[in-house]
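>>> have a look; sequence and predicted model below, questions after that.
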Amino acid sequence: MPELILPTDRLARSFAEAVREFIAEGRGGPDDGSLLGDLIQRFGPPDDPSVWITGVLEMERMLTEDPPASFVPSTTHWWVDGDTWLGRINIRHRLNEYLRDIGGHIGYDVRPSARRRGHATAMLAAALPVAASYGIEKALITCDADNTASRKVIEANGGVLEDRRGDKLRFWVPTAPGAD
Ligand SMILES: CC(C)(COP(=O)(O)OP(=O)(O)OC[C@H]1O[C@@H](n2cnc3c(N)ncnc32)[C@H](O)[C@@H]1OP(=O)(O)O)[C@@H](O)C(=O)NCCC(=O)NCCS
């Protein structure tokens, strides 16, 4: 059974394979403003996973404990099955103006070779209690209006559409079962 864990060098090799898949689908280019894109832009292709993972783990630590001025603290969890890295989900501990408008509380990626097997839906379900533990009662989750897969992931987890702002759909997702 897959599970959420904190980033660890134990999965350096599998995560590096996944990052090569993301790069092959175009992630990490100049237009990729996501955290995963930033990670690829900073550290490049993971030619030597054991060296590369050190920078990755330091970046994740910094995002939680000592984020840049325009960032709120956030924590990334990995979705893994044994030694296989499947995906990542980043939970922002609170919203700032940008996140309330566009970014939301939670962002996620599933590696290309593991898609369409329900992982994103299950990963978000597993992450909602973690968000609740940060004091988030309803998580704002946004997706591009044409991102059908992400929209389905959000709606399968109880997301209620608030509005569309530009290209983004904005949903509120209760983090505790039975909450509305
Ligand atoms: C969006 C993403 C996380 C979905 O991951 P996934 O593990 O494939 O999602 P799931 O398997 O849980 O699928 C959820 C639903 O979307 C559907 N779906 C998945 N990929 C799809 C696609 N490319 N086109 C249309 N529907 C798709 C699935 O069939 C499923 O539908 P169902 O609930 O009716 O069965 C993944 O495609 C991804 O990482 N994309 C790039 C990053 C991204 O867009 N992140 C989200 C930012 S908001």
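The structure has been received and is ready for your questions.
>>> could you use CA atoms for every contact and neighbour count after this?
OK.
>>> show me where pLDDT drops low in the chain?
Along the chain, the parts satisfying pLDDT under 70 run over 178-180.
>>> please enumerate the helices of it.
12-24, 35-43, 49-65, 97-98, 119-133, 148-156 (DSSP state H).
>>> now these as CSV including mean neighbour count and distance to Ile89?
Formatted as CSV, the helices of the chain follow (neighbours: other C-alpha atoms under 10 Å; distance: least, C-alpha to C-alpha, whole Å):
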stretch, mean neighbour count, distance to Ile89
helix 12-24, 19, 14
helix 35-43, 17, 10
helix 49-65, 16, 12
helix 97-98, 10, 19
helix 119-133, 20, 8
helix 148-156, 17, 13
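>>> Pro2 is nearest to which of those?
Counting by C-alpha to C-alpha, Pro2 lies closest to helix 119-133 out of the helices of the chain; the figure is 8.4 Å.
>>> got the residues of the protein near the ligand?
Within the chain, the positions adjacent to the ligand are 107-110, 115-121, 142-143, 148-150, 152-153 by C-alpha under 6 Å from any ligand atom.
>>> cutoff 8 Å now
By the rule C-alpha under 8 Å from any ligand atom, the part of the chain lying against the ligand is 87, 107-112, 114-122, 141-144, 147-153, 156.
>>> now the helices of the chain in TSV, with distance to Ser74?
Listed next are those as TSV, based on distance: least, C-alpha to C-alpha, whole Å:
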stretch	distance to Ser74
helix 12-24	20
helix 35-43	11
helix 49-65	5
helix 97-98	14
helix 119-133	10
helix 148-156	19
